[in-house]
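**Student:** the amino acid sequence is not available; the structure is as follows:
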């Protein structure tokens with residue numbers, strides 16, 4: 001992807017699309033947090049998300065995870081702490097909430113997301 005592009009859409013598979021803004025999508029999603037750039041990534045899924053595992057790292061920072069039913073109104077569901085080492089972070093959403101969108105926002109430093117794994121409700 002293009003660095004700092006706005007609303008850059010990447011179709012990951014038949015269920016999930018990710019849109020990045022102020023970020024950089026290469027082999028990883030690089031979410032920037034600086035005075036000039038605040039990067040986010042929004043995952044839109046065709047199915048309800050029960051759980052998401054986010055493998056993230058690069059620097060000591062906070063990765064805020066928001067969820068939404070409609071992609072318009074967002075609820076902060078978790079604030080994850082990242083370090084220079086990459087690690088798996090699991091966020092349980094539960095099927096009852098009906099979330100189909102996940103937004104990632106780095107706070108304090110650049111966070112890189114190596115991969116995400118979604119578990120969908122049946």
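**Tutor:** Here it is on my side, so go on. Predicted model only: the values in this text are computed from it and were never measured. Numbers count the residues shown, from 1 in each chain.

**Student:** so what's the residue nearest to the spatial centre of the chain up against?
**Tutor:** Ranked by distance to the mean C-alpha position of the chain (CA atoms, centre = their mean), the top residue is residue 104 at 3.3 Å. Applying CB atoms under 8 Å, 6 or more residues apart in numbering to residue 104 gives the contacts 29, 31, 40-43, 54, 63-66, 111, 113. Heads up, the C-betas are built off the backbone N, CA and C, glycines and all.

**Student:** export these as a markdown table, with columns for distance to residue 6, neighbour count and secondary structure.
**Tutor:** As requested, those are exported to a markdown table (distance: CB to CB, whole Å; neighbours: other CB atoms under 10 Å; DSSP: H, G, I helix; E, B strand; the rest coil):
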| residue | distance to residue 6 | neighbour count | secondary structure |
| --- | --- | --- | --- |
| 29 | 15 | 26 | strand |
| 31 | 14 | 30 | strand |
| 40 | 10 | 19 | strand |
| 41 | 12 | 24 | strand |
| 42 | 12 | 20 | strand |
| 43 | 17 | 23 | strand |
| 54 | 23 | 24 | strand |
| 63 | 21 | 23 | strand |
| 64 | 20 | 19 | strand |
| 65 | 21 | 21 | strand |
| 66 | 18 | 18 | strand |
| 111 | 19 | 30 | strand |
| 113 | 18 | 24 | strand |
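
**Student:** if we can go back for a sec, name the element the residue nearest to the centre of the chain belongs to?
**Tutor:** Using DSSP states H and E, residue 104 maps to strand 101-107.

**Student:** with residue 81 instead?
**Tutor:** For residue 81, the host element (DSSP H and E) is strand 75-82.

**Student:** list phi and psi for residue 14.
**Tutor:** Reported as degrees, to the nearest 10, the phi and psi values for residue 14 are phi -70, psi -10.

**Student:** once you drop chain neighbours, what's closest to it?
**Tutor:** Spatial nearest neighbour of residue 14, chain neighbours left out: residue 46 (7.5 Å); criterion: CB to CB, 6 or more residues apart in numbering.
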